[in-house]
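1. Pasted the sequence and its predicted model underneath.
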Amino acid sequence: MVGGTTGAAHASADRPSDGLGIRLLDAPVSRRKDPRARTGVVDHLNPGTTITRRFEVSNTTRRSLRVALYAAAADVENRTFAFAPERTPNELTTWTTVEPAEIDLPPHHKRTGRFTIRVPKTAWRGERYAMIWAQTGAPPDKNHNLGLLSRVGIRIYLDIGPGGEPPSDMRIEKLTPERDAAGRPRLVAQVRNTGGRALDLSGRLSLTDGPEGIRAGPYPATLGVTLKPGDTGQVVVEMGKRLPNGPWKAHLVIQSGLVKRVVSANVTFPDTGIGRSAVLLGTRHMLFPSALVALTLAVAAVVLLLLRRRRRRVNSGSA
């Protein structure tokens, strides 16, 4: 869920909106273990497929709210999931219907809505992005140049194409220790999206084997980095000013949904500016459950084939 309070009808900020909330109620069975699927739509659909999802809108204020429900365009721009202004359409929103279009929400009440996505049979392969918005407030009118609108939303990452979903994957390419102008140490990870789906990156850093054997962390990574397939971006972990320069052994976890990468490196933070990039000591890859199943089936098939060939040879020798 994302939200914002706007000073004009065309703006939107990625921060919670007081009093108005929205959450997704449905997720496909195949994605119930994926944390991204609990807050947004990250489905893969074949052309000609229709899906329906339920969502809940809540009002935690002491006043009644008139809430508009609609779909609007979004995209991944400059390594950020970007919301289009107002009700800007795109291809995905033309496939999307939200019901009801408006609701009256009494104080401290909740209502359920639904949206339906009908993918045309002629849809091209690729990932599309959109938002399901719940919006309340007063737009600009002839007496007021600015309106006050609040909206909260659910992200949609919808991949279209026959032949199954493209794999999601990433690679941590570089770790660089730094200190900013205020003296705070930070570790910058360069991450490349090597898969076929957009990734929303999160992470955590733990430091061990520091001066006199001390440990530090875990520290959360700064959120908000979204990478399109093939794109490269930076994930930053910031620490407190009093953290010693080191040396440290850094253990970094970067994750998007069920895709997780873990690297270790020896790092020393500089007194100021950018330090020397660390040599990565090891990378661990964790696969989607579906990928693990596919790998297991492939290994089983090879073993079965070898057993059959061995039996044929034994039978031929006996003859």
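-> Ah, there it is. Numbering: from 1, shown residues only.

2. going forward, measure contacts between C-alpha atoms and count neighbours the same way
-> OK.

3. ok, Met239 - contacts?
-> Arg184, Pro185, Arg186, Tyr219 (Cα atoms under 8 Å, 6 or more residues apart in numbering).

4. what about it, distance to Ser206?
-> 11 Å (Cα to Cα, to the nearest Å).

5. Common neighbours of the two, please.
-> What both Met239 and Ser206 touch, as defined by Cα under 8 Å, 6+ apart, is the set Tyr219.

6. still on that earlier bit, most surrounded residue in the contacts of Met239?
-> Neighbour counts for those peak at Pro185, which has 27 neighbours (criterion: other Cα atoms under 10 Å).

7. excluding its backbone neighbours, what's nearest it?
-> Arg179 (4.3 Å; Cα to Cα, 6 or more residues apart in numbering).

8. Assess the claim that the one you found and Arg186 are in contact.
-> Yes - contact status for Arg179 versus Arg186: in contact at 6.0 Å, counting by Cα atoms under 8 Å.

9. For the one helix or strand Pro220 maps to, enumerate the helices and strands it packs against.
-> Assessed by DSSP states H and E, Pro220 sits inside strand 216-220. If you count contacts as 3 or more Cα pairs under 8 Å, 6 or more residues apart in numbering; DSSP states H and E, strand 216-220 packs onto strand 199-208, strand 232-238.

10. The longest one vs strand 216-220, what angle?
-> It stands for strand 199-208. Angle between the axes of strand 199-208 and strand 216-220 is 170 degrees (criterion: axes from the mean of the first three to the mean of the last three Cα atoms, to 10 degrees).

11. Strand 199-208: partners in the sheet, and parallel or antiparallel?
-> Partners of strand 199-208 in the sheet, by DSSP bridges, are strand 216-220 (antiparallel), strand 225-227 (antiparallel), strand 248-256 (antiparallel).

12. Report the buried residues of stretch 156-173.
-> Going by neighbour count (16 or more other Cα atoms under 10 Å), the buried part of stretch 156-173 is Ile156, Tyr157, Leu158, Asp159, Ile160, Gly161, Ser168, Asp169, Met170, Arg171, Ile172.

13. before we move on, back to that, which of the strands paired with strand 199-208 sits most buried?
-> strand 225-227 (a mean of 23; mean count of other Cα atoms under 10 Å).

14. so where's the stretch 151-300 of the chain uncertain?
-> 282-300 (pLDDT under 70).

15. As a check, name the ranges of all helices in it.
-> 289-318 (DSSP state H, counting those that start in this stretch).

16. What of the stretch 1-150 of the chain?
-> 35-39, 91-94.

17. the domain parsing of this protein - what is it?
-> For the chain, automatic domain parsing gives the domain ranges 2-160, 170-286, 288-319.

18. so Glu102 makes contact with Leu69?
-> Yes - counting by Cα under 8 Å, Glu102 sits close enough to Leu69 to count as a contact (5.7 Å).

19. For these two, indicate the residue with more neighbours.
-> Leu69 (23 against 16).

20. which residues touch that one?
-> Val98, Glu99, Pro100, Ala101, Glu102, Ile103, Ile132, Trp133, Ala134, Gln135.

21. mind running it again at 6 Å?
-> Ala101, Glu102, Trp133, Ala134 (Cα atoms under 6 Å, 6 or more residues apart in numbering).
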